[in-house]
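**Student:** sequence plus predicted model, see below.
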Amino acid sequence: MPLNILIVGAGVCGPALVMLLQGSHTGHDITVLERHATLRTEGQQIDLKNQGVDVLQKMGLLETAKEQCVNETGLEIIGGDGKPMAQFGINPSGQSRLTLTSEYEIMRGDLVTLLYEASLEQYAKLKAKLGKRGSLTYEFDKTIEDLSQTDDGVDVVFSDGQKKRYDLVVGADGQASRTRRLAFGKDVSDEACKPVGVHGAYFSIPRIEGEGSLARLFTAQGGRMLVTRTSDRPVTQVLLYTMTADATRMRSVYKESLDKQKAAFADLFGDSGWQDSRLMSGMRASTNFYAHEVVQVKMKQLSKGRVVLLGDAGYCPSPFTGLGTTSCLIGAYVLAGELARHGGDVLGALRAYEETVRQPVEECQRLPGATLKLFFPSSPTGVWLLRNTMWAVSKVDSLFDWPRSSENSGRWALPDYPELNLTS
């Protein structure tokens, strides 16, 4: 049964879901809403892992994604003298190793563009071949302001004053999801955001001579971590994380201007001891600065009536798992599969979606717990211990070809949905 569907968010989740829905039924009317004026292609390097790789393979997009992957060849640990003291390689897909770099690393904007363009190309081909009855529309610079539900539909009020009715609304609008807040209420939405105790800032600066394909990690006393990632690109990504910042103060800062947010992080990292002048001046000049409190989103329910949450909006795992993109692609695949399987029974499909994704969501959200704090030492002694432990581990790792534990061993496996008509 064809459905009139609104997807809020044109990041990774939204266009991926579009493709899966269009492939399963040519009659759906799909609208994708994006609050930015154009497709938002900013963002840092992201991982493609585990079942996320499998989903892209099924969608026929894995080889194209591989062609756009960055050339990051591993991770260097930087010592107190500013020189490399340890090195780790790449974590092959499906294995679990102590390193930052996955086999498939791609810039967020490249993956978003790939999925967006592929969804439009798919729609054009379906329309030309089958005289497609449905529709696909991307609407930019627009948000939802209100929504209300009845048993058979969702009435949505948009920022431009328009009102429309949908069979299904999908919130794919990130960890700060407006859809989640409107559908479940502010209290439930806020309660779902679980801080992990870390604050982070991300930005890009010009690349300098000598920066190769290795990511670099430097830890400083006071619970601070600095990471740079250059790969084969003309700019260097910078990631700043702190575990000792005043959470109340930082939450207030995030409501201020970008200049004030930059100033707050300059106060925290200006004396870290590694490339201070370059990183801080680069941060002040950067045009893609973003800062936030690192959280996990843990919703007790992923749907309410005919509104459902997808990806970070419902189950953000945090950057420290490296599985945000994977959980997003899993969710899109399962949601589209259950909608196809249940036909016009939207509520039944949403119940099945929620039941099916619970296990992979829990797996993707697993954090090392107390171990995470070990990577944010507060004292000089703690920093020395961490650096030398990582040096020792890197030496042992390079000397022996240890059996690698599989990330897929005993893990949740993608269900098969022949209803999606996937050929790969």
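**Tutor:** Looks like it arrived, so ask away.

**Student:** can you map out the strands along the stretch 151-300 of the chain?
**Tutor:** Taking DSSP state E, counting those that start in this stretch to define them, one finds strands in the stretch 151-300 of the chain at 153-158, 163-166, 168-171, 193-206, 214-220, 224-229, 235-242, 290-297.

**Student:** out of those strands, which is closest to residue 351?
**Tutor:** When the strands of the stretch 151-300 of the chain are compared by Cβ to Cβ, strand 168-171 sits nearest residue 351, at 13.3 Å. Bear in mind the C-beta positions are built from the backbone N, C-alpha and C, glycine included.

**Student:** what does the closest one rub up against?
**Tutor:** Contact with strand 168-171 is made by 3-9, 14, 17, 147, 154, 156, 177-180, 183, 306-310, 313-314, 335, 339, 346, as judged by Cβ atoms under 8 Å, 6 or more residues apart in numbering.

**Student:** cool, and stretch 30-38?
**Tutor:** Contacts for stretch 30-38 (Cβ under 8 Å, 6+ apart): 5-10, 14-15, 18, 21-22, 40, 134-144, 158, 166, 173.

**Student:** residue nearest the centroid of this protein?
**Tutor:** Central residue of the chain (Cα atoms, centre = their mean): residue 324, 3.9 Å from the mean position.

**Student:** quick check: that one vs residue 361, distance?
**Tutor:** For residue 324, the distance to residue 361 equals 11 Å [Cβ to Cβ, to the nearest Å].

**Student:** so what sits against both of these two?
**Tutor:** residue 317.

**Student:** in stretch 246-257, which residues are buried?
**Tutor:** Going by neighbour count (16 or more other Cβ atoms under 10 Å), the buried part of stretch 246-257 is 250, 253.

**Student:** quick one: that stretch to chain centroid distance?
**Tutor:** On the basis of Cα atoms, centre = their mean, to the nearest Å, stretch 246-257 sits 22 Å off its chain's mean C-alpha point.

**Student:** may I have the distance across it, first residue to last?
**Tutor:** The first and final residues of stretch 246-257 sit 18 Å from each other (Cα to Cα, to the nearest Å).

**Student:** list the contacts of that stretch.
**Tutor:** Taking Cβ under 8 Å, 6+ apart as the rule, stretch 246-257 contacts 195, 197, 199, 260, 261, 264, 291, 292, 293.

**Student:** in JSON lines: those, plus neighbour count and distance to residue 32.
**Tutor:** Shown next, in JSON lines, are the contacts of stretch 246-257 (neighbours: other Cβ atoms under 10 Å; distance: Cβ to Cβ, whole Å):
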{"residue": "195", "neighbour count": "13", "distance to residue 32": "30"}
{"residue": "197", "neighbour count": "16", "distance to residue 32": "34"}
{"residue": "199", "neighbour count": "26", "distance to residue 32": "31"}
{"residue": "260", "neighbour count": "12", "distance to residue 32": "33"}
{"residue": "261", "neighbour count": "20", "distance to residue 32": "29"}
{"residue": "264", "neighbour count": "21", "distance to residue 32": "34"}
{"residue": "291", "neighbour count": "19", "distance to residue 32": "27"}
{"residue": "292", "neighbour count": "17", "distance to residue 32": "24"}
{"residue": "293", "neighbour count": "17", "distance to residue 32": "28"}
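
**Student:** out of those, who's nearest residue 300?
**Tutor:** Using Cβ to Cβ, the contacts of stretch 246-257 come closest to residue 300 at residue 195, 17.7 Å.

**Student:** spit out the contact partners of the closest one.
**Tutor:** Residue 195 neighbours (Cβ under 8 Å, 6+ apart): 247, 293, 294, 295.

**Student:** thinking again about what came up before, from the contacts of stretch 30-38, keep the buried residues only.
**Tutor:** Buried subset of those (neighbour count, 16+ other Cβ under 10 Å): 5-10, 14-15, 18, 21-22, 40, 134, 136, 138, 142, 144, 158, 166, 173.

**Student:** which of those residues fall in helices?
**Tutor:** Those of those mapping onto helices are 14, 15, 18, 21, 22, per DSSP state H.

**Student:** the fourth one reaches residue 338, doesn't it?
**Tutor:** No. Using Cβ atoms under 8 Å, residue 21 and residue 338 do not qualify as a contacting pair, with a distance of 11.4 Å.

**Student:** tell me the average confidence for stretch 13-26?
**Tutor:** On average, the pLDDT along stretch 13-26 is 95.

**Student:** try stretch 346-356
**Tutor:** The model assigns stretch 346-356 a mean pLDDT of 97.

**Student:** mind listing what's buried along that stretch?
**Tutor:** Buried residues in stretch 346-356, counting neighbours by 16+ other Cβ under 10 Å, are found at 346, 349, 350, 352, 353, 354, 356.

**Student:** now stretch 301-311
**Tutor:** Residues 302, 303, 304, 305, 306, 307, 308, 309, 310, 311 are the ones in stretch 301-311 that count as buried (16+ other Cβ under 10 Å).

**Student:** got it, and stretch 382-391?
**Tutor:** Across stretch 382-391, burial judged by 16+ other Cβ under 10 Å covers 382, 383, 386, 387, 390.

**Student:** and the furthest pair within the contacts of stretch 246-257?
**Tutor:** 197 and 260 (22.4 Å).

**Student:** what about residue 133, neighbour count?
**Tutor:** Using other Cβ atoms under 10 Å, residue 133 has 13 neighbouring residues.

**Student:** hang on, the earlier thing: just give me the closest of the contacts of stretch 246-257 to residue 377.
**Tutor:** Set against residue 377, the nearest of those by Cβ to Cβ is residue 197 (13.9 Å).

**Student:** if I look at the residue in the chain sticking out farthest from the centre, what pLDDT would I see?
**Tutor:** For the chain, the residue at maximal distance from the C-alpha centroid (Cα atoms, centre = their mean) is residue 131, at 35.2 Å. We have a pLDDT of 75 for residue 131.

**Student:** then residue 263?
**Tutor:** For residue 263, the predicted pLDDT is 97.
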